[in-house]
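Novice: 3D model of this:
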Amino acid sequence: MLNRVGHLRRCVSNISPVLRVLACRQKHTLPDLPYDYGALEPHISAEIMQLHHSKHHATYVNNLNITEEKYAESMAKGDVTTQVALQPALRFNGGGHINHSIFWTNLSPNGGGEPAGALMETIKQDFGSFEKFKETMTAISVGVQGSGWGWLGYNKNSGRLQLAAASNQDPLQGTTGLIPLLGIDVWEHAYYLQYKNVRGDYLKAIWNVINWENVGERLKAATK
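Specialist: Numbers count the residues shown, from 1 in each chain. Now for the predicted structure:
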């Protein structure tokens, strides 16, 4: 066994830095949900949660790993054309993995209601009231054309909260610079089985399971 480990170390030390990263890189994995698939009912059904997590999110993770391997190989070969061609897949699948990993923690069977403490004070300061914030974020999320996300982010430059819409799986921070605090997935796979094409009803329901404690922790980390 020791001989095998020594051989591996010698092999790794003799390859290029890019291939060394590829050899040592840990693959992305599908995170476990912090609750059961049926825990968010009746607001989000167990069937939706299972398909959304175990199928859709898992596909983003799998495709991200495949794309990163191809990208590392193209870097080792100096193949810039392939590197450029892979950018959309990195953005889409990487964004899908980042967005959903945040989304699951933004939800909780013990969620809903209103935030407290520093988060509530900041919302009032930047939006006037919690109700005004909720109304505006709902309108932005409902208004996303096609597929995408509604986001509450933190703007480091201005020191203020900011709402934004993102298309497809565009990651908020990577495309706008805003630090993501709360994301609402408005792809149809997030709600169609239960709410059909009435996105507004899904938006009304999801506020009942928002994990304000998690959002508050994200704000605290963002403002450090």
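Novice: Next, the buried residues of the longest helix seen in the chain.
Specialist: Assignment by DSSP state H gives helix 80-106 as the longest helix of the chain. Residues of helix 80-106 classed as buried: 83, 86, 89-106 (neighbour count, 16 or more other Cβ atoms under 10 Å). For every residue, glycine as well, the C-beta is placed using N, CA and C.
Novice: I'd like the next helix or strand past it.
Specialist: For helix 80-106, the succeeding helix or strand toward the C-terminus, using DSSP states H and E, is helix 117-127.
Novice: how about the next helix-or-strand element following that following helix: buried residues?
Specialist: Following helix 117-127 in sequence order, the next helix or strand is helix 130-142 (DSSP H and E). Residues of helix 130-142 classed as buried by neighbour count (16+ other Cβ under 10 Å): Phe133, Lys134, Met137, Thr138, Ile140, Ser141, Val142.
Novice: Ok, stretch 42-51 next?
Specialist: His43, Ile44, Ser45, Ile48, Met49, Leu51.
Novice: how close does the residue nearest to Gly38 when sequence neighbours are not counted get to Ser54?
Specialist: Nearest residue to Gly38, sequence neighbours excluded (Cβ to Cβ, 6 or more residues apart in numbering): Ala46, at 3.6 Å. Separation of Ala46 from Ser54 (Cβ to Cβ, to the nearest Å): 11 Å.
Novice: ditto for Val209
Specialist: Val209 is 19 Å from Ser54, by Cβ to Cβ.
Novice: more crowded one of these two?
Specialist: Val209 (19 against 13; other Cβ atoms under 10 Å).
Novice: for the more buried one, what are its contacts?
Specialist: When contacts are counted by Cβ atoms under 8 Å, 6 or more residues apart in numbering, Val209 touches Leu40, His43, Ile44, Leu107, Ser108, Pro109, Gly111, Gly112.
Novice: how about those in JSON lines, adding distance to Glu213 and pLDDT?
Specialist: Below are the contacts of Val209 laid out as JSON lines (distance: Cβ to Cβ, whole Å; pLDDT from 0 to 100):
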{"residue": "Leu40", "distance to Glu213": "16", "pLDDT": "98"}
{"residue": "His43", "distance to Glu213": "17", "pLDDT": "98"}
{"residue": "Ile44", "distance to Glu213": "18", "pLDDT": "98"}
{"residue": "Leu107", "distance to Glu213": "11", "pLDDT": "98"}
{"residue": "Ser108", "distance to Glu213": "8", "pLDDT": "98"}
{"residue": "Pro109", "distance to Glu213": "13", "pLDDT": "98"}
{"residue": "Gly111", "distance to Glu213": "8", "pLDDT": "98"}
{"residue": "Gly112", "distance to Glu213": "11", "pLDDT": "98"}
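Novice: Thanks again, I'm all set now.
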